[in-house]
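**Student:** got a sequence here, can you model it:
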Amino acid sequence: MIDIKFLKENPELVKENIRKKFQDRKLPLVDEVIALDTERREAETKGNTLRAEKNRASKEIGMYMAKGMKEEAEKAKAAVQEATKGLAELEARTTELNEKIKTIMMTIPNIIDASVPVGKDDSENVEVERFGEPVVPDFEIPYHTDIMERFIGIDLDAARRVAGNGFYYLMGDIARLHSAILSYARDFMIGRGFTYCVPPFMIRSDVVTGVMSFDEMSAMMYKIEGEDLFLIGTSEHSMIGKFIDQLIDEKELPYTLTSYSPCFRKEKGAHGIEERGVYRIHQFEKQEMIVICKPEDSMAWFDKLWQNTVDFFRTLDIPVRTLECCSGDLADLKVKSVDVEAWSPRQKKYFEVGSCSNLGDAQARRLKIRVNGENGKYFAHTLNNTVVAPPRMLIAFLENNLTEDFTVKIPEALRPYMGGIDMIYPKK
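**Tutor:** Next up is the predicted model:
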């Protein structure tokens, strides 16, 4: 959410930003919010005038009564009643205007960074850099669920009977591998100076609307019926929410946190051949990283965050690349975003395994996360990035570490979390 003062001073810049995001339907909102704000200010001015008249008339009542001037006192009482009625109407209208303005401001997209490439959707995202040499072996790589089934490591049929499509049972060595990757990711990030945290897995609606746009909320979040609670889609939601309504001492910044959580997502519109198996699922687990920092430090932290994910995947012998998200692919709150994609030898292409985002002060402004600095108070900047999100990450791991005889190599970094073994062997 951008500052309404900035919008009023730079309406054409805000409109151009909307055009860059190919959301022309929102262009009229800029003029609408300016008009509503003008009306709100006029109502506040009228309210101040009426309040002064009411106070003056209230004082006159006592004075007239003391002098026995009953007629004048009654007129003053009538003036007080009239002012009180007018104030109530103005306050109701001001409240209504404030809600309309807030709703519109939460719909207008954040100002994207000048470095973001302009494009309509993810097909126009731009490759930035590759890390590791992508290899296609001279033997066929099966689909990931076929690999898992050879290890008796997945049961989708049972999951469908229990919970429906989009769920899974992981078992045996595959389940152990899943947990080992998360434990390794935790320690990897602790080693990089981040504080480990396990957050609440449900959050209230005021936190939901603080961390994401309305469109994201509708497409992702599961609501708990009868309660003001939502299942989190990522631990970033509750981790950023941790600081709601807080005034942070500038000396405490930056906060660098890494968090584990299960994640729950509707995954609306997930279709196609690569949506089978565990590509698009309603429940998964993830290790996340978030940063709360000063505005001038956020871009430096942005580069550090995505580099952490790249380094993590490279320790597991998985080639990756970074992809700059274009303007049309950015969620409304994001200033800049980079996807990390892992190499798939079976598909002979890269696929997304994580996303790093700088949200500027958008989340902090919505959640009232302020910093008390030497030169006054200001809104913090927030960033988030995926360390790893199995079981999708298992696809990249299994495909890149599978051997021709169907064993799977365990990279050295992961062996302490797998009981010291360097290979897992198929059961079928």
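**Student:** all helices of this structure, in order?
**Tutor:** 4-9, 11-20, 27-66, 70-105, 144-150, 156-162, 172-191, 205-211, 214-220, 235-241, 298-314, 362-367, 392-401 (DSSP state H).
**Student:** of all these, which lies closest to V340?
**Tutor:** helix 298-314 (4.7 Å; CB to CB). Glycine gets a C-beta too; all of them are placed from N, C-alpha and C.
**Student:** about what we covered before: format the helices of the chain as a markdown table; extra columns: distance to G373, mean pLDDT and mean neighbour count.
**Tutor:** Formatted as a markdown table, the helices of the chain follow (distance: least, CB to CB, whole Å; pLDDT from 0 to 100; neighbours: other CB atoms under 10 Å):
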| stretch | distance to G373 | mean pLDDT | mean neighbour count |
| --- | --- | --- | --- |
| helix 4-9 | 19 | 95 | 14 |
| helix 11-20 | 26 | 98 | 16 |
| helix 27-66 | 27 | 90 | 15 |
| helix 70-105 | 24 | 89 | 15 |
| helix 144-150 | 49 | 96 | 20 |
| helix 156-162 | 50 | 95 | 13 |
| helix 172-191 | 27 | 98 | 19 |
| helix 205-211 | 22 | 94 | 20 |
| helix 214-220 | 30 | 81 | 15 |
| helix 235-241 | 20 | 95 | 26 |
| helix 298-314 | 15 | 98 | 20 |
| helix 362-367 | 13 | 96 | 25 |
| helix 392-401 | 39 | 95 | 24 |
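**Student:** now stretch 41-57, how far from the centre of its chain.
**Tutor:** Mean-position distance between stretch 41-57 and its chain equals 42 Å (CA atoms, centre = their mean, to the nearest Å).
**Student:** sorry, back to before: R280: which of the helices of the chain is closest?
**Tutor:** helix 392-401 (8.6 Å).
**Student:** and the closest one, how far from the chain's centre?
**Tutor:** The answer for helix 392-401 is 25 Å, by CA atoms, centre = their mean.
**Student:** by how many degrees do that helix and helix 298-314 diverge?
**Tutor:** Relative orientation of helix 392-401 versus helix 298-314 (axes from the mean of the first three to the mean of the last three CA atoms, to 10 degrees): 50 degrees.
**Student:** mind giving me the packing neighbours of helix 392-401?
**Tutor:** helix 144-150, helix 172-191, strand 336-344, strand 349-358, strand 408-409 (3 or more CB pairs under 8 Å, 6 or more residues apart in numbering; DSSP states H and E).
**Student:** indicate which one of these is closest to N165.
**Tutor:** helix 144-150 (13.4 Å).
**Student:** was I right to think V135 contacts S344?
**Tutor:** No - contact criterion CB atoms under 8 Å: V135 and S344 do not qualify, at 11.1 Å.
**Student:** the more surrounded of those two?
**Tutor:** S344 (21 against 11; other CB atoms under 10 Å).
**Student:** now do the contacts for the more buried one.
**Tutor:** Y350, F351, I395, A396, E399 (CB atoms under 8 Å, 6 or more residues apart in numbering).
**Student:** likewise for I61?
**Tutor:** A73, A76, K77, V80.
**Student:** distance between the ends of stretch 320-332?
**Tutor:** Start-to-end span of stretch 320-332 (CA to CA, to the nearest Å) is 26 Å.
**Student:** no wait, stretch 121-138
**Tutor:** So stretch 121-138: terminal residues 35 Å apart, CA to CA.
**Student:** do stretch 192-202 as well
**Tutor:** Start-to-end, stretch 192-202 (CA to CA) is 28 Å.
**Student:** contacts for that stretch, please.
**Tutor:** So stretch 192-202 is in contact with 186, 189-190, 224, 229-232, 235, 238-239, 242, 255-262, 289, 308, going by CB under 8 Å, 6+ apart.
**Student:** buried ones in it, by neighbour count?
**Tutor:** Buried positions in stretch 192-202, judged by neighbour count with 16 or more other CB atoms under 10 Å: R192, F194, C197, P199, P200, M202.
**Student:** what distance do you get for the fourth one to R265?
**Tutor:** Spelled out, it's P199. Using CB to CB, to the nearest Å, P199 is found at 17 Å from R265.
**Student:** check the third one too.
**Tutor:** Note on C197: its distance to R265, by CB to CB, is 21 Å.
**Student:** neighbours of the nearest residue to Y169 once chain neighbours are set aside, how many?
**Tutor:** Nearest non-adjacent residue to Y169, counting by CB to CB, 6 or more residues apart in numbering: D155, 4.1 Å away. The local packing of D155 (other CB under 10 Å) involves 16 other residues.
**Student:** contacting residues around D155?
**Tutor:** Y168, Y169, M171.
**Student:** how does it look with 10 Å?
**Tutor:** M148, E149, R161, V162, Y168, Y169, L170, M171 (CB atoms under 10 Å, 6 or more residues apart in numbering).
**Student:** then K46?
**Tutor:** Taking CB under 10 Å, 6+ apart as the test, what K46 contacts is G86, L87, E89, L90, R93, T94.
**Student:** dump those to CSV, plus distance to L414.
**Tutor:** CSV is the format used below for the contacts of K46 (distance: CB to CB, whole Å):
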residue, distance to L414
G86, 71
L87, 68
E89, 67
L90, 65
R93, 62
T94, 59
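**Student:** tell me how many other residues crowd the residue lying closest to R160 once chain neighbours are set aside.
**Tutor:** Spatial nearest neighbour of R160, chain neighbours left out: F167 (7.2 Å); criterion: CB to CB, 6+ apart. Close neighbours of F167, defined as other CB under 10 Å, add up to 17.
**Student:** now F167, what are its backbone angles?
**Tutor:** phi -130, psi 170 (degrees, to the nearest 10).
**Student:** roughly how far apart are it and C326?
**Tutor:** For F167, the distance to C326 - CB to CB - is 33 Å.
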